[in-house]
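Enquirer: This is a predicted model, with the sequence first.
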Amino acid sequence: MKIHEYQAKALFKEYGINVPPSILCEENAKIECSIEKIGCPCVIKAQVHSGARGKAGGVKLAKDYDSAVKISNEILGMELKSSQAGVKKVNKILIEQAVDIDRELYLSLTFDRANECIAFILSLEGGMDIEEVAKIAPEKIHTDFIKKEFNPYKLVQKLRLSENISLKISEIAQKLYKLLLEKDATLIEINPLVVTKMEEVIAIDAKINFDDNALFKHEDILSLKDEKEENPYELQAQKDGLNYIKMDGTIGCMVNGAGLAMATMDVIRLAGKDAANFLDVGGGASSEKIEKAFKLLISDKNLQAVFINIFGGILRCDFLAEGVKNAIKTLNVQCPVIVRMEGTNKKQGAEILNNSGLKFTVVNDLNKAIEVIRKI
């Protein structure tokens, strides 16, 4: 789960991390009084779940009151198009006191699956182009893989900053590490973490992602969820108990098992098409769940066909076939439905579909499925 910058900064303050004074605005009528309270110069920031906001025009510096009012009114309500999250409407802005920046750094804590540990990442090249730095000058990004005790000072020393600044950055890293563990975060990022000419160290941006599977332990974090920022298909899937991710293709797929889902998307690609989604109904899906899955699939306006690829184990092929047949009748599905089943009661499942009077295309192997999908 993602949260907004202003929410992440509230957590930073809770853990004793220095952030600039700011006010959240959701209405144009509150802009002027908020700017008066914060003062100028100030920074106006779109609050959307997206990186690259600055490049998209969602973060701007205002040097005086009039320009701050103008910029705030322009950003609040705008359609922000970023390279990372597509188009999002800005429903909230953060009006934040500008900071006298002497140096920008990058700091993050995240999980490194390859090394099976938390990674502490630090760089002197903070700011909007950190991704480019990672590509063209990876030696400027320093990483410590935390496998036992966390001692951030060792890595901070590599930046060759003053002792005072190094100690302050180390203290911030320790506090973020505590936050990550206590709140089950999967990523905490400050980009940039700035050093002022007075050697203050301030987080002027904040990004935190949380482990969805741990949210039941953190009602305070769950309450921060902004459903307006969620993909509506994925949000509905969560409510229906489905493992679903929206994608940009035209062939909907329904499978039972994450590995099979990945292989199914490869099959669709081999047929010259792209998957419209990842959808895993699980091993013990009920008829009701299958109907909900179909309802979700056909709500996608870009859908051209549905490919069902099932390995019958816990979810028997005949049980799936009955659920699919009933769902298509109930929902009046008009697009082509291709079904490939293997495993328990495969023959019975195929008979149910072939005798249903509905327009199923039942295939025996993936090569045949590729042929059928290619013709759609």
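Expert: Perfect, thanks for sending it. Here the structure is a predicted model, which is why all the values come from computation and not from measurement.

Enquirer: switch to C-alpha atoms for all contacts and neighbour counts from now on
Expert: Will do.

Enquirer: all helices of the stretch 1-150 of the chain, in order?
Expert: Here the stretch 1-150 of the chain has its helices, by DSSP state H, counting those that start in this stretch, at 5-14, 31-38, 65-75, 130-136.

Enquirer: same question, the stretch 251-376 of the chain
Expert: Using DSSP H, counting those that start in this stretch, helices in the stretch 251-376 of the chain cover 258-270, 287-298, 317-331, 346-354, 366-374.

Enquirer: mind checking which of the helices of the stretch 1-150 of the chain is nearest Asn231?
Expert: helix 5-14 (18.7 Å; CA to CA).

Enquirer: Quick check on Glu171: phi, psi?
Expert: Glu171 adopts backbone torsions of phi -60, psi -40, taken as degrees, to the nearest 10.

Enquirer: Identify the residues contacting it.
Expert: By CA atoms under 8 Å, 6 or more residues apart in numbering, the contact list for Glu171 is empty.

Enquirer: Look up how far Gly127 lies from it.
Expert: From Glu171 across to Gly127, the span is 21 Å (CA to CA, to the nearest Å).

Enquirer: For Glu96, which residues count as its bridge partners?
Expert: Beta bridges link Glu96 to Ser22, Val43, judged by DSSP bridges.

Enquirer: residues near it, how many?
Expert: 25 (other CA atoms under 10 Å).

Enquirer: And Lys301, by the same measure?
Expert: With other CA under 10 Å as criterion, Lys301 counts 8.

Enquirer: Does Thr143 touch Leu122 like I think?
Expert: Yes. Using CA atoms under 8 Å, Thr143 makes contact with Leu122 at a distance of 6.4 Å.

Enquirer: any chance of the helices of the stretch 251-376 of the chain in CSV, plus distance to Ile245, mean neighbour count and mean pLDDT?
Expert: As requested, the helices of the stretch 251-376 of the chain are arranged in CSV below (distance: least, CA to CA, whole Å; neighbours: other CA atoms under 10 Å; pLDDT from 0 to 100):
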stretch, distance to Ile245, mean neighbour count, mean pLDDT
helix 258-270, 11, 17, 91
helix 287-298, 11, 20, 83
helix 317-331, 20, 19, 85
helix 346-354, 27, 18, 90
helix 366-374, 21, 16, 92
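
Enquirer: is it possible to export those to CSV including distance to Leu11?
Expert: Below are the helices of the stretch 251-376 of the chain laid out as CSV (distance: least, CA to CA, whole Å):
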stretch, distance to Leu11
helix 258-270, 34
helix 287-298, 35
helix 317-331, 45
helix 346-354, 52
helix 366-374, 49
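
Enquirer: need the strands for the stretch 151-300 of the chain, in chain order.
Expert: For the stretch 151-300 of the chain, the strands defined by DSSP state E, counting those that start in this stretch cover 185-196, 201-203, 207-210, 243-246, 251-255, 277-280.

Enquirer: just those strands: most buried one?
Expert: strand 251-255 (a mean of 26; mean count of other CA atoms under 10 Å).

Enquirer: helices and strands around that one, which ones?
Expert: Here strand 251-255 touches helix 258-270, strand 277-280, strand 305-312, going by 3 or more CA pairs under 8 Å, 6 or more residues apart in numbering; DSSP states H and E.

Enquirer: try 10 Å
Expert: Helices and strands touching strand 251-255, by 3 or more CA pairs under 10 Å, 6 or more residues apart in numbering; DSSP states H and E, are helix 258-270, strand 277-280, helix 287-298, strand 305-312, strand 337-343.

Enquirer: of Thr143 and Leu122, who's got more company?
Expert: Leu122 (26 against 16).

Enquirer: correct me, but the more buried one touches Glu139?
Expert: No. Look at Leu122 against Glu139 with CA atoms under 10 Å: they stay out of range, at 11.1 Å.

Enquirer: follow-up on the earlier one: need the strands of the stretch 151-300 of the chain in JSON lines (columns: distance to Glu227 and mean pLDDT).
Expert: Shown next, in JSON lines, are the strands of the stretch 151-300 of the chain (distance: least, CA to CA, whole Å; pLDDT from 0 to 100):
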{"stretch": "strand 185-196", "distance to Glu227": "19", "mean pLDDT": "96"}
{"stretch": "strand 201-203", "distance to Glu227": "26", "mean pLDDT": "98"}
{"stretch": "strand 207-210", "distance to Glu227": "15", "mean pLDDT": "97"}
{"stretch": "strand 243-246", "distance to Glu227": "16", "mean pLDDT": "88"}
{"stretch": "strand 251-255", "distance to Glu227": "24", "mean pLDDT": "92"}
{"stretch": "strand 277-280", "distance to Glu227": "20", "mean pLDDT": "90"}
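
Enquirer: what would these look like in JSON lines with distance to Ala369?
Expert: Converted to JSON lines, these look like this (distance: least, CA to CA, whole Å):
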{"stretch": "strand 185-196", "distance to Ala369": "38"}
{"stretch": "strand 201-203", "distance to Ala369": "52"}
{"stretch": "strand 207-210", "distance to Ala369": "38"}
{"stretch": "strand 243-246", "distance to Ala369": "22"}
{"stretch": "strand 251-255", "distance to Ala369": "12"}
{"stretch": "strand 277-280", "distance to Ala369": "17"}
